[in-house]
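S.K.: no sequence on this one, just coordinates:
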Ligand code: GRF
């Protein structure tokens with residue numbers, strides 16, 4: 001895992017170049033555009049695994065370059081991942097954010113951005129990884145739902161947790177009702193995690209690399225001042 005300071009130090013106060021990967025509606029992308037874009041970060045590209053989705057329109061409306069990497073256009077997943085990784089590197093990305101990206105990324109892609117791929121997931125991981133997380137949680141009968149932002153590893157929603165937030169919904173039975181409750185959590189938690197990354201505020205506990213440490217605002221200020 002690359003050191004966070006190494007990834008941000010040469011940018012010295014410049015916005016961190018970020019690529020966002022999407023597959024659908026793009027409400028989390030919109031939250032990033034309205035919060036960290038043009039401030040702590042610059043979204044230098046948005047790539048979708050699906051053509052014609054709303055997320056691409058949101059990016060275009062914000063003047064952000066877009067690209068589509070559909071599964072059928074490539075011989076296999078690793079060929080698609082290689083093209084996607086090359087595109088992201090050419091854009092100058094230092095962080096890749098999965099915002100509703102409905103595809104797995106192989107180790108080849110992840111190795112191009114060590115410790116610099118993050119994802120937002122609509123459950124309190126490690127509960128309910130993978131597809132239809134809210135439906136899984138409802139089927140289990142939980143009373144507390146939530147959102148996780150985590151680093152991405154080669155598994156399914158299994159990387160180290162950066163931030164989590166919960167909401168109590170003891171009467172919930174409808175996925176749309178839960179999604180409506182989780183949306184505001186996602187839209188604040190993902191930009192916050194991206195901001196912390198861009199500020200160099202995230203590191204790993206030496207004794208337990210699963211544990212992501214978030215440095216205090218004072219330490220972050222000192223870190224930036226010191227380059
Ligand atoms: C979100 O619920 C996110 O947690 C999940 O996919 C959904 C994407 O929504 N990974 P949107 O495209 O950002 O609106």
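M.R.: Nice, thanks for sending it over. Values in this document were obtained by computation on a predicted structure and should not be read as measured data.
S.K.: Which single residue of this protein ends up nearest the ligand?
M.R.: residue 100 (2.6 Å; C-beta to the nearest ligand atom). All C-beta atoms are positioned from the backbone trio N, CA, C, and that covers glycine.
S.K.: List the residues that contact that residue.
M.R.: By C-beta atoms under 8 Å, 6 or more residues apart in numbering, the residues touching residue 100 are 22, 23, 24, 25, 26, 27, 28, 29, 55, 120.
S.K.: neighbouring contacts of stretch 70-79?
M.R.: 49, 50, 51, 80, 83, 103, 104, 106, 108.
S.K.: start to end distance for it?
M.R.: 11 Å (C-alpha to C-alpha, to the nearest Å).
S.K.: same check, this time on stretch 99-108
M.R.: Using C-alpha to C-alpha, one end of stretch 99-108 lies 20 Å from the other.
S.K.: list the buried ones in that stretch?
M.R.: By 16 or more other C-beta atoms under 10 Å, the buried positions in stretch 99-108 come out as 99, 100, 101, 103, 105, 106.
S.K.: Please apply the same query to stretch 123-131.
M.R.: Quick answer for stretch 123-131 (16+ other C-beta under 10 Å): 123, 124, 125, 127, 128, 129.
S.K.: which residues of the protein fall in helices?
M.R.: According to DSSP state H, the chain carries its helices in the segments 4-9, 27-35, 54-61, 77-90, 107-112, 133-140, 175-198, 217-225.
S.K.: Could you pull up the contacting residues of the residue sitting furthest away from the middle of the chain?
M.R.: Distance from the C-alpha centroid of the chain peaks at residue 171, with 29.5 Å (C-alpha atoms, centre = their mean). The contact partners of residue 171, taken as C-beta under 8 Å, 6+ apart, number zero.
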